[in-house]
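[1] sharing a model prediction with you, sequence too.
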Amino acid sequence: MQLAICGKSNCGKTTFFSAATLVDAEISNRIFTTIKPNMGVSYVRVKCPCKELGVQCNPQNSTCISGQRFVPVKMIDIAGLVPGAHEGRGLGNAFLTDIMTANALIHVVDISGSTDKDGNPVALGTNNPEQDIEFLEKEIDYWMLGIIKKAWPQVQKKTGERIEDMLYRQLSGLMVSLNTVKYLIEKNGISPKSSEEELLSFITELRAENKPIIIAANKIDVAGADKLYEKIRGSGAIPCCAEAELALRRATEKGLVRYLPGDEDFEIIGRLDEKQLKGMEFVHSIMKKYNGTGVQKVINSAVFDLLGMIVVYPVENESRYSDKKGNALPDALLLPGSSNAKDLAYAIHEDIGNKFISATDCRTGQRIGAEHELKNGDIVSIKAGR
Ligand SMILES: Nc1nc2c(ncn2[C@@H]2O[C@H](COP(=O)(O)OP(=O)(O)OP(=O)(O)O)[C@@H](O)[C@H]2O)c(=O)[nH]1
Ligand SMILES: [Mg+2]
């Protein structure tokens, strides 16, 4: 599972990334601060079953704080895009390859309207966020189109190979499935005679499927940003203040505040000087207005709403919900929504998948078969042959 943060320059991508991962990376109010991608680990937040089951969990692959389970999700922060990047403008399109393996994209939009399309500072409210959304989709579409076009002369040669196989091979870096390519080729009537326009509508659908986008309406703290946010609310954009989240996480690390990512408020527990206190009061007012900073909401929404993933807890001991060593609820795994018990077995280990015999739904004690579809929060033990 990987999420990629993208958007034009200076919109707050690295601030969002650092807030989500606590990786130190350069943040500044100038264009193209980030060139080499930053990589880190962010987390989705879910309710851990420990409280409801009355067990003391001992997470191994994730963490549980006050009954909230934080499950790791890789995150990559890429260089800023400018219109025409697919043709080499700005830093060009080389870094678009950094989003190849992402399952979903977080598009950070500067909702204060204070950066133009190239990322240069402009007067507040000047830039239209609707255009930012359009531009990013277009850049990615044209970039993908460029990948397809490389295979096109071969497609037109009528080598006898099926068009879906050729395009699938060409697009393999995007981790798209053959079924998706085949389905969209048929749906869009793609043939060797297809025009660029027809290819583009095929690509647009492929991109929506392969790289779904969630919009983080960042810098919502700036005066007037709420008005611009209204313009794009319909797109499902989530209001967000990455700067506030970063401040909170750093203050938490220093023991100055008590805050869990995704909380709607925080508590001051350390000694703050006057300036820090003022800053925190401002953060509090933003969180009150938007029910939190929005950063965790964006990550959760990308994983659960956009990608439809579920969290499943594999265990070995059915009654104690533990692994062999006695760790209760040791692992939380993110799986695609339609996963069944056998998919879970494969996610644990290929060998367990191959030797799958049966499984148990530990909440009900019921035996379940390989094809049994799992749901969010399930706790499952797998029986496998030797
Ligand atoms: N007011 C406000 N400013 C923010 C917020 N998030 C980021 N910024 C500021 O926006 C500027 C750009 O932040 P970066 O995180 O470096 O932006 P970027 O998108 O990574 O920029 P590039 O790497 O150049 O593409 C910095 O001055 C940040 O402090 C926010 O939530 N509110
Ligand atoms: Mg950056």
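    Here it is on my side, so go on. Ligands and ions are numbered 1, 2, ... in the order given.

[2] find the closest residue to ligand 1 in the stretch 251-386 of the chain.
    Of all residues in the stretch 251-386 of the chain, Thr293 sits closest to ligand 1, at 8.2 Å by CB to the nearest ligand atom. All C-beta atoms are positioned from the backbone trio N, CA, C, and that covers glycine.

[3] how much space separates the closest residue to that residue other than its chain neighbours from ligand 2?
    With sequence-adjacent residues excluded and distances taken as CB to CB, 6 or more residues apart in numbering, Thr293 is closest to Glu245, at 4.0 Å. Taking CB to the ion, to the nearest Å as the criterion, Glu245 is separated from ligand 2 by 16 Å.

[4] and Glu245, that one's in a helix?
    Yes - under DSSP: H, G, I helix; E, B strand; the rest coil, Glu245 falls within a helix.

[5] surely it touches Pro261?
    Yes - judged on CB atoms under 8 Å, Glu245 makes contact with Pro261 at a distance of 7.3 Å.

[6] mutual contacts of those two, please.
    Here Glu245 and Pro261 share the contacting residues 20, 295-296, scored by CB atoms under 8 Å, 6 or more residues apart in numbering.

[7] compare these and tell me which has the most neighbours.
    Greatest neighbour count in the shared contacts of Glu245 and Pro261, by other CB atoms under 10 Å, goes to Val295: 29 neighbours.

[8] and the host helix or strand of Glu52, which residues are buried?
    Using DSSP states H and E, the element containing Glu52 is helix 50-53. Of the residues in helix 50-53, Cys50 count as buried by neighbour count, 16 or more other CB atoms under 10 Å.

[9] how far away from the center of its chain is the longest helix that the chain contains?
    Looking across the chain with DSSP state H, the single longest helix is helix 129-156. Counting by CA atoms, centre = their mean, to the nearest Å, helix 129-156 is centred 21 Å from the centre of its parent chain.

[10] run the contact check for it versus ligand 1.
    No - Helix 129-156 stays clear of ligand 1 (CB under 6 Å from any ligand atom), getting no nearer than 11.7 Å.

[11] what about that helix, average pLDDT?
    In this model, helix 129-156 has an average pLDDT of 90.

[12] can you list the weak-confidence ranges in the stretch 1-150 of the chain?
    Where the stretch 1-150 of the chain drops to pLDDT under 70, the residues are 92-93.

[13] return the residues of it in contact with ligand 1.
    Neighbours of ligand 1 within the stretch 1-150 of the chain, by CB under 6 Å from any ligand atom: 9-15, 27-29, 31-34, 79-80.

[14] again, only this time at 5 Å
    Neighbours of ligand 1 within the stretch 1-150 of the chain, by CB under 5 Å from any ligand atom: 9-15, 27, 29, 32-34, 80.

[15] can you select the buried ones from the residues you listed in PyMOL?
    Those of those that count as buried under 16+ other CB under 10 Å are selected in PyMOL with:
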select buried, resi 9+10+11+12+13+14+15+27+33+34+80
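
[16] farthest pair in the residues of the stretch 1-150 of the chain next to ligand 1?
    Spatially, the most separated pair among these is Thr15 and Phe32, at 15.2 Å (CB to CB).
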